[in-house]
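**Q** Give me a 3D structure for the following:
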Amino acid sequence: IIMELSDALSQVLASVPGAASITITDPDGISLIQAVAESTLSSGSPAFFNAAKTTLSQLSQMKIGDERSEAKCIAIAYDQCQVVLFTVGALTAAVIATPEANTATIMELDAAIEQLVRPLCAIYAEARDL
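**A** The predicted structure is shown next:
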């Protein structure tokens, strides 16, 4: 399942010009799967993930977000790149892209990423409960 998911995420990644990587992490920030495009942009560092993840968590706690009062997506722009995070169950999907990449197009990947990552969420939940 990991290789199939990685291949599928690579296809999603290729659909957005300027997107450099998609990384799926657990709640502790440990990378589970990563798809990387052929790009000169670095695929990101833990500092990008940690800052964005902390912000997303705080927004959720403050009940700022969509109609379900939960923040599920956040985009943060840096000088060298942009980071868009999606929550999918207990997991987080991070898309790293160039500053010029279309942020709205990246944010529209939420449904595709969620559909791909849901089975991994179920596996993660089962493993955590053991």
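**Q** mind listing what the residue nearest to T105 when sequence neighbours are not counted touches?
**A** Spatial nearest neighbour of T105, excluding adjacent residues (Cβ to Cβ, 6 or more residues apart in numbering): V16 at 5.4 Å. Where you see a C-beta, it was placed from the backbone N, CA and C, and this is true even at glycine. V16 makes contact with V95, A97, A101, N102, T105, I106, L109, according to Cβ atoms under 8 Å, 6 or more residues apart in numbering.
**Q** for I2, same thing?
**A** I33.
**Q** quick one, helices of the protein?
**A** If DSSP state H is used as the criterion, the helices of the chain fall at 2-14, 46-61, 103-107, 110-129.
**Q** closest one to V88 among those helices?
**A** helix 110-129 (4.4 Å; Cβ to Cβ).
**Q** how about that closest one: buried residues?
**A** D110, I113, E114, L116, V117, L120, Y124 (16 or more other Cβ atoms under 10 Å).
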